[in-house]
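[1] Following is a predicted model, sequence given first.
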Amino acid sequence: MKTLLFAAVFAALAGGAMAQETNRQTLVLATPKADSDYYAEAYDAILEFHATYVELAAPHDDVVILTDQAGYDRLIERVPAENLIIAPQEDIWMRDLSPVEPNQPMQFRYAAAAQGGDQAEADEVQDVFNATMDEFGVRYRGTELILEGGNYVSDGVGRGAQVIVTERFQDDNDLTRFSARKALQEVTGAARVAIIPSDDPDGLAHADGMVMFTEPRRLFINDYRDDPDLRADLLAELEYAFPRASIVELPVGNPGADFDPRFASACGIYVNATVTENAVYLPVFGEDLDRSVIRIMEQHTRKTVVPIPSGDICYLGGSARCLVWQTAGRMADRLKGIAAEAE
């Protein structure tokens, strides 16, 4: 009930009564399998999160949820059939295993760290996703370079984009700093690449828990004033790579306890937002700090800020960005068409 009330309050702030916007993207989420032991305690909260995402995104972008029959039967009580596809996936972290860059999609190899260090398991999770997309006739390019989508932050331009990864990309692919930049530019067409130090070097080391673009010249980062060395190194790299961008520091809330010691909680991390052409889907956590962060965001972006209640799932290790694959153009149209055909 708390989450439902919280979502209702913020729906008004998110502009729920607005007319449908153009330049819509399709955001793809996946539920756990109903018989998953790993996600059993969080299952209800994840489905609630997905249903709420559909409702709050509707004025600005489309949402498709991949699920099994049990998940469909639960979600159909809240979610229109046109937003659901029965296509069970092996894990819920769609950002990490799917293609990056909605306008110029490129899929990297899913890293072992995302599955607790098991590369064979990571490959299997990604293979199931790819088999689903192949069945749907959804096509994209791929590379053997190792990089989760959570460690790829872009301004969303596509070819010629500005891109941020952490030093984990170098380590996973045994590359020098120079060769890492060059490799990313070659496979994605990125114009500029920043390789930043990680605040979680022993964990996933994802950039999307540290930084985000809302527009090509607007960067938001966590407030790292309690770690002056990390803050100095981070700012130096971002200012070097993106000299024309303005940088806004966002406060960080209470992380709470971790669900799995291998994956740090994403609670209190506001930069873990999904950004489309129309909106910023900002995670909020039921803290007093939420409203302050929303005001800061609204002062520094022209896009609609849509608060996404994430307090019941963020302890799993991700929130409004980590659970979402962004698609656009023909790929998005194809996925929406599949959902409509199955309705």
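    Sure thing, it's come through.
[2] what's A194 in contact with, if anything?
    A194 makes contacts with Q162, V163, I164, V165, E237, L238, Y240, A241, F242, as judged by C-beta atoms under 8 Å, 6 or more residues apart in numbering. Using the backbone N, CA and C atoms, a C-beta is placed for each residue, glycine as well.
[3] if you set the cut-off to 6 Å instead, what comes out?
    Residues near A194 by C-beta atoms under 6 Å, 6 or more residues apart in numbering: I164, E237, L238, A241.
[4] Just the buried residues out of these, in ChimeraX syntax.
    To isolate in ChimeraX the members of these that are buried, counting by 16 or more other C-beta atoms under 10 Å, one can use:
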select :164,237,238,241
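[5] could I get the contacts of A194 as a markdown table with distance to I196, secondary structure and pLDDT?
    Listed next are these as a markdown table, based on distance: C-beta to C-beta, whole Å; DSSP: H, G, I helix; E, B strand; the rest coil; pLDDT from 0 to 100:
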| residue | distance to I196 | secondary structure | pLDDT |
| --- | --- | --- | --- |
| I164 | 6 | strand | 98 |
| E237 | 5 | helix | 98 |
| L238 | 7 | helix | 98 |
| A241 | 9 | helix | 97 |
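[6] among the contacts of A194, which two are most distant?
    Pairwise distances across the contacts of A194 (C-beta to C-beta) peak at 8.7 Å, for the pair I164 and E237.
[7] buried sites along the biggest helix by length in the chain?
    Counting residues, the longest helix found in the chain (DSSP state H) is helix 119-136. For helix 119-136, the buried set under the neighbour-count rule, 16+ other C-beta under 10 Å, comprises E121, A122, V125, Q126, V128, F129, N130, T132, M133.
[8] From those residues, pick the one nearest P102.
    Of all those, P102 sits closest to M133, with 14.1 Å by C-beta to C-beta.
[9] do you know how far that closest one is from I85?
    Counting by C-beta to C-beta, to the nearest Å, the separation of M133 from I85 is 11 Å.
[10] And D288, by the same measure?
    Taken as C-beta to C-beta, the span from D288 to I85 is 38 Å.
[11] and what of G311?
    Applying C-beta to C-beta to G311 and I85 gives a distance of 27 Å.
[12] quick one: contacts for G149?
    G149 is in contact with R95, D96, V100, counting by C-beta under 6 Å, 6+ apart.
[13] Let me know the average pLDDT across the helix or strand the second one falls within.
    Think D96. Element membership of D96, judged by DSSP states H and E, is helix 94-97. Average pLDDT, helix 94-97: 97.
[14] Which of the residues in stretch 152-166 are classified as buried?
    Across stretch 152-166, burial judged by 16+ other C-beta under 10 Å covers 152-158, 161-166.
[15] quick one: low-confidence ranges for the stretch 1-150 of the chain?
    1-19 (pLDDT under 70).
[16] In it, what residue spans correspond to strands?
    26-30, 62-67, 84-86, 106-109, 141-146 (DSSP state E, counting those that start in this stretch).
[17] among these, which is the most enclosed?
    With neighbours taken as mean count of other C-beta atoms under 10 Å, the strands of the stretch 1-150 of the chain reach their highest mean count in strand 26-30, at a mean of 26.
[18] Tell me which strands that one pairs with, and in which orientation.
    Pairing partners of strand 26-30, with direction, according to DSSP bridges: strand 62-67 (parallel), strand 325-327 (antiparallel).
[19] Tell me the buried residues in the last one?
    When you say that, I think you mean strand 325-327. So, applying 16+ other C-beta under 10 Å, buried residues of strand 325-327: W325, Q326, T327.
[20] Next, the contact list for the last one, please.
    If I follow you right, that is T327. Contacts of T327 by C-beta under 6 Å, 6+ apart are T26, P102.
[21] Quick check, pLDDT for it.
    At T327, pLDDT is 97.
[22] That one and V193, how far apart?
    According to C-beta to C-beta, T327 stands 23 Å off from V193.
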